[in-house]
Structures are given as structure tokens and as C-alpha cells.
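> attaching a predicted model along with its sequence, questions to come.
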Amino acid sequence: MTDLVRNERRGAIALLTLDRPKALNALSSAMLEALSSAIAEVAGDPSVRALVLTGEGRAFAAGADIEEMSAMTALQAEAFSRLGHDSFAALEALSVPTIAAVNGFALGGGCEMALACDFIYASAKATFGQPEVGLGLIPGFGGTSRLARRVGVAWAKELVLTGSNIKADEALRIGLANRLFEPEALLEGALAAGQTIAEKGPVAVSVAKRVMQEGQDADVRTAHALEQNAFGLVFATDDRVEGTGAFVAKRDPEFKGQ
Ligand code: DAK
């Protein structure tokens, strides 16, 4: 059996590829477990500076595995939901930036998986949506909260309550996708962004990510206090000495991530 999630390295970038194209990378329990393992491996690899998540074939992921879900008992559904939440929370909590390279369908749990990444790049042929209400379900992997935070409550409500899909250009317009690429250029574009990140101060990048994430859930005063503390913290790093020193000396910095 092939791995459901391929876990490769492109230099300092971890490239995770969901690899169940015949089922449009539907998120089965086995797929979510494979994703969790791959994320744990990335979390334990200090050489990784950024992560790109994509799908094999014509889908990023067409959602939770409907066939598997249709046969679940309530207890199994609860365990399945926990598995999805845990794996997406682990993705979101990675200290390195994560980029969803949405190559095709990103529906239901697939859209929610993209939303658990820091930002989304998409193929011009991608399709996004939260079609769960059409199945008599609601988004179950964080979509009701993460989508509204990303695109605003009104667009999130329209997508979730109508269950209608949107094309890539609309996703770009509402801020769901940051950039669009021709299909063949998508991965290269996402890896290039990862590489740009990889060349910056690693501690600063991960602290900035964490402060933005925690600040988003806090009131503005608390968010500012978090930023001030973190700003002081990064001043104590070798990377800060190297980065500012290199600027003054007019040379490229060599960050060590310390
Ligand atoms: N699950 C399982 N198989 C899927 C699938 C899915 N989500 N999506 C596609 N497939 C399979 C199809 O069954 C088909 O398999 P074969 O018949 O070839 O064996 C194969 O992938 C190719 O799909 P199609 O033949 O349908 O391809 P088309 O190009 O005609 O259509 C499509 C593509 C993406 C428009 C269509 O496949 C589609 O509508 N798929 C379902 C999309 C969807 O509704 N996604 C949302 C799933 S619901 C929860 C936790 C989480 C969730 C809910 C609750 N808790 C427990 C609290 C999340 C729910 C969801 O994500």
C-alpha cells in the first residue's frame, strides 16, 4: 500500500502531499492518521523551516470521507471528529509557517484543512466550498470558526449556509486564497514562498506566527502586550544580533535559528 500522505523534503521545506487521488483525497480516518503522523515528523525535524501541503491529482481534498462517515455510529463519529480536530490543530500549531497549495477541489473538510494552514495559494482551477448542509451536516473540522476569521462572517455564512462552491477567482477576491497560479506553476509558487520564509530568521518567523495567532484570539490590548513581550524575547537571540549586524555590515545574514 502506498503512503496516504507523502512526506518529502525540498531543501528546508517539508512538502506533504495527500495521495489518494482516486477518491479525490477524501479524508478518511486512515488519511487523517497519516496526516497526523506526517505533521508530528515535521514538528520533530528542526531542519524544516516551512511546510507546503497539497494534494495529488485533481483535488486538494474533497472533504471528509462520506462513504466512511455514512456508516459511523455516534461514538465513531465523535472519535472521527476528534481525529480531524486534533490533526488540524497540530497543523495550525506547527511553529513553522504552513502554506496550502490548493490544486483542485477543497471542499468541506478539505477547505477546513486549507484554513488550518497559515495562508492559501491556489490553482486557477481550484474550487472551494463548505457543502456540508447539503448532506444534512455542518462543517465539523473547524470551518465555522476558521472560515469566518479568514474571510469575515458574512462570506462565511453565505458559503456555509448555501453550501455553494466558489471558483478560484472568487476565493481570491474574498481573501480566502492569497494568490492564484496556473495549475502547473502552483507548487513552484508555494515552494518559492516557503524558500523566502526559510531564508529569514527562524526564531523571528515562528515567534511572529505565534504572536499573530494568539493575538487574533485576544483583545487588542492583550495582543499588543503579547507583541511587546515577544519583541523583547527575540532581542535576546543570536539571530537578532546576526540579522541587524549583517545589515549594518552590508552582507547577507546567516541565521542559525538560535
Ligand atoms: N468522500 C468519499 N469519496 C469521495 C468524496 C468524499 N468526500 N468525494 C469524492 N469521492 C469519490 C467519489 O465517490 C468517486 O469515487 P468512485 O465512484 O470513482 O469510486 C471519486 O471520488 C471521484 O468523484 P466523482 O466521480 O464524484 O467526481 P466528479 O468530478 O464527478 O465530482 C466532486 C467531483 C468533488 C464535485 C464530487 O466528488 C463531490 O461532490 N464530492 C463530495 C464533496 C463534498 O460534499 N464534500 C464535503 C464532504 S462532508 C464531522 C467532521 C467533519 C465533517 C463533518 C462532520 N464530525 C463527525 C463532527 C466534514 C464533512 C465533510 O467534509
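Nice, thanks for sending it over.
> what's near enough to touch the residue minimising distance to the centre of the chain?
Centroid check for the chain by C-alpha atoms, centre = their mean gives Cys117 as the closest residue, at 1.5 Å. Taking C-beta atoms under 8 Å, 6 or more residues apart in numbering, we find Cys117 in contact with 51, 53, 91-92, 98-100. Every residue, glycine included, has its C-beta placed from N, CA and C.
> same question, Ala230
207-208, 210-211.
> residue boundaries of the strands in the chain?
Using DSSP state E, the strands assigned to the chain run over residues 5-10, 13-18, 50-55, 59-61, 98-102, 105-107, 119-123, 127-129, 166-167, 179-181.
> mind putting those strands in TSV, mean pLDDT, mean neighbour count and distance to Ser87 included?
Shown next, in TSV, are the strands of the chain (pLDDT from 0 to 100; neighbours: other C-beta atoms under 10 Å; distance: least, C-beta to C-beta, whole Å):
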stretch	mean pLDDT	mean neighbour count	distance to Ser87
strand 5-10	98	16	10
strand 13-18	98	24	11
strand 50-55	98	26	11
strand 59-61	98	28	12
strand 98-102	98	28	13
strand 105-107	98	28	16
strand 119-123	98	25	18
strand 127-129	98	24	20
strand 166-167	98	18	25
strand 179-181	98	18	25
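> so where's the stretch 51-200 of the chain shaky on pLDDT?
Judged by pLDDT under 70, the stretch 51-200 of the chain has no weakly predicted residues.
> what does the stretch 1-150 of the chain have sitting close to the ligand?
Listed as neighbours of the ligand in the stretch 1-150 of the chain under the rule C-beta under 6 Å from any ligand atom: 23-24, 26, 62-67, 77, 80-81, 84, 105, 107-109, 131-132, 135, 137, 140-141.
> quick one: buried ones out of those?
23-24, 26, 62-65, 80, 84, 105, 107-109, 131-132, 137, 140-141 (16 or more other C-beta atoms under 10 Å).
> those residues in helices, which ones?
In this view, those that belong to helices under DSSP state H are 80, 84, 109.
> show me which of those is closest to Ser36.
Closest approach between those and Ser36, by C-beta to C-beta: Gly84, at 9.8 Å.
> wait, that closest one sits on Met31?
No. Counting by C-beta atoms under 8 Å, Gly84 does not reach Met31; the two are 10.0 Å apart.
> any idea how far the residue nearest to Pro21 when sequence neighbours are not counted is from Asp219?
Once flanking residues are discounted, Pro21 sits nearest to Gly57: 2.9 Å by C-beta to C-beta, 6 or more residues apart in numbering. Per C-beta to C-beta, to the nearest Å, Gly57 is found 44 Å from Asp219.
> compare the two (neighbour count), which wins?
Ranked by neighbour count (other C-beta atoms under 10 Å), Gly57 and Asp219 place Gly57 first, with 17 against 9.
> got a list of what the more buried one touches?
Gly57 touches 21-22, 24-25, 104, counting by C-beta under 8 Å, 6+ apart.
> which one of the residues you listed is nearest the ligand?
For these, the minimum distance to the ligand (C-beta to the nearest ligand atom) is 4.1 Å, reached by Leu24.
> pretty sure the closest one contacts Gly108?
No. Applying C-beta under 8 Å as the test, Leu24 and Gly108 come out as separate, 10.9 Å apart.
> spell out which residues of the stretch 151-258 of the chain are next to the ligand.
Near the ligand, when you scan the stretch 151-258 of the chain using C-beta under 6 Å from any ligand atom, you find nothing.
> residue in the stretch 151-258 of the chain nearest to the ligand?
Counting by C-beta to the nearest ligand atom, the stretch 151-258 of the chain gets nearest to the ligand through Asn165 (7.7 Å).
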